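**Student:** no FASTA, just this:
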């Protein structure tokens with residue numbers, strides 16, 4: 001797993017003023033950005049963002065409203081053109097995208113099966129398999145407009161899986177889902193990552209649940225405030241400044257791995273794990 005220096009140290013508060021050149025993307029990188037800056041209408045929305053998403057890892061993007069999260073997603077997906085910086089995509093990369101808002105029109109009758117097959121031919125058994133994979137087999141013949149928030153989210157996720165993507169990009173995937181449903185959706189995303197060896201970029205506000213599922217967290221507020229494994233980010237002064245002291249409590253949500261991480265998220269050899277101090 002690649003994790004690059006993002007042009008700041010943890011010792012000072014002006015992270016976005018000094019920029020080291022991050023290393024080029026490694027062989028497992030699906031999607032990467034280097035020095036991405038983006039503005040609209042004369043207003044700077046992103047400043048010198050570095051980001052990697054590797055095969056089989058969940059990277060969570062957090063930040064306050066207006067921090068530029070959705071803008072960064074749009075730049076990474078090629079929907080917006082950055083003012084400066086470099087985008088790297090693995091050749092033939094297939095992206096499954098779940099947008100922040102999916103509007104249903106109750107006046108248009110459409111079953112779940114019809115929705116999944118819009119614009120593509122899918123064998124009936126494949127539809128059944130994909131719906132079962134996201135825990136939504138029971139809604140196949142239901143009208144889209146009749147689904148609950150959690151059911152709709154699973155169906156939209158199934159639609160993103162139809163193309164057998166290498167990477168899932170999920171922008172606020174639990175909007176309109178109750179709290180119990182949130183944890184289930186995130187657990188489902190974790191299972192999909194494990195079973196399909198997907199890379200996942202998750203944009204979210206639901207920090208405590210997301211932290212438990214994430215391999216790395218990137219906290220942005222136009223620039224990168226801090227990044228690394230969840231335990232490190234949760235204790236970082238800029239993170240706490242953005243989300244309040246209650247944010248520190250999220251540090252207790254540890255995730256288990258067969259390897260340890262350094263403070264910036266890079267895997268450590270097993271013998272270094274014992275000496276790891278997540279609060280350093």
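**Tutor:** Cool, got the structure. All values derive from a computational prediction rather than experimental measurement.
**Student:** how close does the residue nearest the centre of the chain sit to residue 230?
**Tutor:** The structure's the chain has its C-alpha centroid closest to residue 202; by Cα atoms, centre = their mean the separation is 1.7 Å. Applying Cβ to Cβ, to the nearest Å, the value for residue 202 to residue 230 is 12 Å. The C-beta positions use only the backbone N, C-alpha and C, and glycine is treated the same way.
**Student:** then residue 188?
**Tutor:** Taken as Cβ to Cβ, the span from residue 188 to residue 230 is 19 Å.
**Student:** what about the two, which has more around it?
**Tutor:** Comparing residue 188 with residue 230 by neighbour count (other Cβ atoms under 10 Å), the higher total belongs to residue 230, at 27 against 19.
**Student:** OK, contacts around residue 164?
**Tutor:** With contact set as Cβ atoms under 8 Å, 6 or more residues apart in numbering, residue 164 has these partners: residue 94.
**Student:** so it: helix, strand or coil?
**Tutor:** coil (DSSP: H, G, I helix; E, B strand; the rest coil).
**Student:** may I have the phi/psi pair for it?
**Tutor:** Here is the backbone geometry of residue 164 (degrees, to the nearest 10): phi 50, psi 60.
**Student:** and it, what pLDDT?
**Tutor:** If you check residue 164, the pLDDT there is 92.
**Student:** same deal with the one 4 residues further on?
**Tutor:** Here, the pLDDT recorded for residue 168 equals 94.
**Student:** kindly report the same for the one 10 residues further on.
**Tutor:** Here the pLDDT value assigned to residue 178 is 67.
**Student:** with residue 275 instead?
**Tutor:** Looking at residue 275, its pLDDT reads 44.
**Student:** repeat that for residue 213.
**Tutor:** Looking at residue 213, its pLDDT reads 76.
**Student:** also the one 3 residues further on?
**Tutor:** According to the predicted model, the pLDDT of residue 216 comes to 89.
**Student:** wait, it sits on residue 224?
**Tutor:** No: using Cβ atoms under 8 Å, residue 216 makes no contact with residue 224, being 11.9 Å away.
**Student:** who has more neighbours out of those two?
**Tutor:** residue 216 (25 against 22).
**Student:** from residue 117, how far off is that one?
**Tutor:** 35 Å.
**Student:** returning to that earlier point: mind checking the SS state of the residue nearest to the centre of the chain?
**Tutor:** strand.
**Student:** bridging residues for it?
**Tutor:** Residue 202 forms beta bridges with residue 60, residue 170, as assigned by DSSP bridges.
**Student:** how much space between it and residue 92?
**Tutor:** Distance, residue 202 to residue 92, using Cβ to Cβ: 23 Å.
**Student:** again with residue 218
**Tutor:** 25 Å.
**Student:** who has more neighbours out of these two?
**Tutor:** More crowded of residue 218 and residue 92, by other Cβ under 10 Å: residue 218, with 27 against 6.
**Student:** stretch 56-73: end-to-end distance?
**Tutor:** 19 Å (Cα to Cα, to the nearest Å).
**Student:** and residue 111, bridged to which residues?
**Tutor:** Beta-bridge partners, per DSSP bridges, of residue 111: residue 143.
**Student:** what about it, how many neighbours?
**Tutor:** The burial count for residue 111: 15, using other Cβ under 10 Å.
**Student:** cool, and the one 10 residues further on?
**Tutor:** Look at residue 121: counted by other Cβ under 10 Å, it has 6 neighbours.
**Student:** and it, what element?
**Tutor:** Using DSSP states H and E, residue 121 is not contained in any helix or strand.
**Student:** so what's it up against?
**Tutor:** Counting by Cβ under 8 Å, 6+ apart, there are no residues that residue 121 touches.
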